[in-house]
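**Q** here is my input, please return the structure:
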Amino acid sequence: MEMCMNRQELADLIFPNAREISYYEEKYPERDLPEGAVVTRFAPSPTGFVHIGALEQCIVETSLVKKSGGVLILRIEDTDQKRKVENGVQGIIDSMKDFDIIFDEGMVSETESVGDYGPYIQSQRKEIYEAYAKYLLANDKAYPCFAAEEELAALRKRQEEAGVNNIGYYGEWAVYRDLPVDEAVKRIQNGDSYVIRFKTMGKEDGKITHKDMVKGKVEMPQNILDIVIIKGDGLPTYHFAHAVDDHLMHTTHVIRSSEWFPSVPLHLELFHALGFKAPKYCHYAPMLKSEGKTDENGNAVLDENGEPLLLKRKISKRKDPEAAVSYYHREGIPAESVKEYLMTIANSDFEMWRRNNENADLYDFPFALKKMSTTEGALFDMDKLIDVSKNVIATFSAEKVYADVSAWAERYDAVLADMLRQKEYSLRVLGIERGAEIKKKRKDIGRWSEVRDYISYMYDEQFAGADIEYEYQLIGDRETLEQIFTLYPDQYYTPEDDSQQWFDHMKDLAERLGYAREVKIWRKAKDDWPGHVGDVSTALRVGLTGRRNTPDLYQIMRVMGPDRIRERLRLALERL
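**A** Just a heads-up that it's a prediction; the model follows:
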């Protein structure tokens, strides 16, 4: 008996249990949000660490959502099951929590979610994709394709030999595109393997005009490929799943790296074929890294001026440790610092805004998509990040520094963690040149991994065990140093002195030793003096701390206290 089946019957055969799409349209109604509210999503794959570029995306998305009263969704795109890693979802969630990125909706653990528009893991939405794929099949906008890997490889080879401009499955090369329904049914009933392909209406010479929220109005070639929308394992490809998900979750803005920009014609065509309104696409340039070019022997290539020739490339997961957001947590670069730096990359006028709004919340900044880079991404600069971090940490109170660095040390630095268990003393140490009343704040700390080295001299156990060279600079003779270390604690040091009284006593000691009590006096007649009060205080600084460069000496001595000061100077005398 000869078959004569239509496309609806073919769709029913392939997806016999799929619901009508009207069911899902009713299940996921429009959101009740303020006019202009941005609904967007962070949609990573659970395949490894979170990239620093993804964190930039989330900061941008958070800024837009907060200002508009919208929704930020965490959706997991795990349709490529071969690349999925164990606990990958939890790793994404934890990485974002480290940077205070909190999602309004979506996954909150490896298995749990919040929100009314789930499931938020694509592999759990299979029945939804089947319904929409069935709709496309029934309406002759998709078809089953039986091409095996060997056939596709042979097709690519023929295309390459023919010199065609577009390699892929489309047009005359799409041999199963117009396969009669009855023949397709027979092959399915025979158990032949197949995928579902989208039937594009694009033409090789066709163009579309698209307005990107970052790039502006652009003309692009139409999509001409009959892409796979449902794979052999029954799961969708990214292209198809994102269209269905963004429609049902009522995504208003898709914010992503410009690497995805060439996919816009395909994605817009999918939305159109499904009868959906497309979201607003926002494609920005990815961050780049500069590195020296080398020859085949690994030697640096020089430019015409003899300088190393620098090349720009994307930050690589494989090559660059700073590509992973976990790197910054391990290094102890505060989340606030990383986010500040990324905002300077996202909008170049952020730095000026921050200078004029020192204490404002990061998300008070009037972020604008149109100010994002469109062609060449900003160069990632670790030195600049650390400079930003020093400015950020300078605004922290001693209590916050103590809390944050203690938490970091408990995880990464056991020696520092042990030092900080002297809580009250540590708070005073970390409070040196810190606080709202301090006009010139200290900016010597850029990451928590530097803290132990910066403050170890304040802790007796660390100081006693250190190999200290005591570089006294201009005052190098033993007799003068002995006088400073002996006279100062006995005759010129008073713990109750304020900073001015303390400095006056330092001047008195300098004068007694034959040094100018004022720097300006020394400058007028340098030959009349062996040095000035600053040289005397430097010798005292080195004797007390073993270092030439420290924060304010008066504040250091206030924290050290009389007993420690006398013991340090006794030790300095002993080590002369």
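
**Q** from here on, just use CA atoms for contacts and neighbour counts.
**A** Noted.

**Q** where in the stretch 301-450 of the chain is pLDDT low?
**A** 301, 303, 306-310, 436-437 (pLDDT under 70).

**Q** all helices of it, in order?
**A** For the stretch 301-450 of the chain, helices defined by DSSP state H, counting those that start in this stretch occupy the ranges 325-331, 335-346, 350-356, 382-394, 398-412, 414-419, 423-430.

**Q** any chance of the ones you listed in CSV, plus distance to residue 523 and mean neighbour count?
**A** As requested, the helices of the stretch 301-450 of the chain are exported to CSV (distance: least, CA to CA, whole Å; neighbours: other CA atoms under 10 Å):
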stretch, distance to residue 523, mean neighbour count
helix 325-331, 44, 18
helix 335-346, 41, 21
helix 350-356, 36, 14
helix 382-394, 33, 18
helix 398-412, 38, 18
helix 414-419, 43, 16
helix 423-430, 34, 17
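
**Q** nearest to residue 29, out of those?
**A** Across the helices of the stretch 301-450 of the chain, residue 29 has its closest neighbour in helix 335-346 (33.1 Å, CA to CA).

**Q** now for the closest one, which elements pack on it?
**A** Using 3 or more CA pairs under 8 Å, 6 or more residues apart in numbering; DSSP states H and E, the elements in contact with helix 335-346 are helix 52-68, helix 325-331, helix 350-356, helix 382-394.

**Q** what's in contact with the third one?
**A** When you say that, I think you mean helix 350-356. 343, 344, 360, 365 (CA atoms under 8 Å, 6 or more residues apart in numbering).

**Q** grab the two from the residues you listed that are most spread out in space.
**A** Greatest spatial distance among the contacts of helix 350-356 (CA to CA): 344 and 360, at 15.0 Å.

**Q** make JSON lines out of the helices of the stretch 301-450 of the chain and add distance to residue 540.
**A** Formatted as JSON lines, the helices of the stretch 301-450 of the chain follow (distance: least, CA to CA, whole Å):
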{"stretch": "helix 325-331", "distance to residue 540": "33"}
{"stretch": "helix 335-346", "distance to residue 540": "35"}
{"stretch": "helix 350-356", "distance to residue 540": "36"}
{"stretch": "helix 382-394", "distance to residue 540": "26"}
{"stretch": "helix 398-412", "distance to residue 540": "26"}
{"stretch": "helix 414-419", "distance to residue 540": "24"}
{"stretch": "helix 423-430", "distance to residue 540": "18"}
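
**Q** which among the ones you listed is found nearest to residue 91?
**A** That would be helix 325-331 among those, by CA to CA, at 9.9 Å.

**Q** got the contact list for the closest one?
**A** Counting by CA under 8 Å, 6+ apart, 49-52, 55, 95, 98, 321-322, 334-335, 338, 408, 412, 447-449 sit against helix 325-331.

**Q** from the middle of its chain, how far away would it be?
**A** Taking the mean of its C-alpha atoms, helix 325-331 sits 10 Å from the chain's own mean (CA atoms, centre = their mean, to the nearest Å).

**Q** in three-state terms, label the nearest residue to residue 217 once chain neighbours are set aside for me.
**A** Nearest residue to residue 217, sequence neighbours excluded (CA to CA, 6 or more residues apart in numbering): residue 211, at 4.1 Å. Of the three states, residue 211 takes strand under DSSP: H, G, I helix; E, B strand; the rest coil.

**Q** so how far is residue 263 from residue 211?
**A** 14 Å (CA to CA, to the nearest Å).

**Q** any low-confidence regions in the chain?
**A** For the chain, the ranges with pLDDT under 70 are 1-3, 292-295, 300-301, 303, 306-310, 436-437.

**Q** which one's the longest helix in it?
**A** Taking DSSP state H as the criterion, the chain has its longest helix at helix 553-574.

**Q** name the residues of that one that are buried.
**A** Within helix 553-574, the residues that count as buried by 16 or more other CA atoms under 10 Å are 553-560, 564-566, 568-570, 572-573.

**Q** can you pick out the most distant pair from those?
**A** Farthest apart among the buried residues of helix 553-574 - using CA to CA - are 555 and 573, which lie 22.5 Å from each other.
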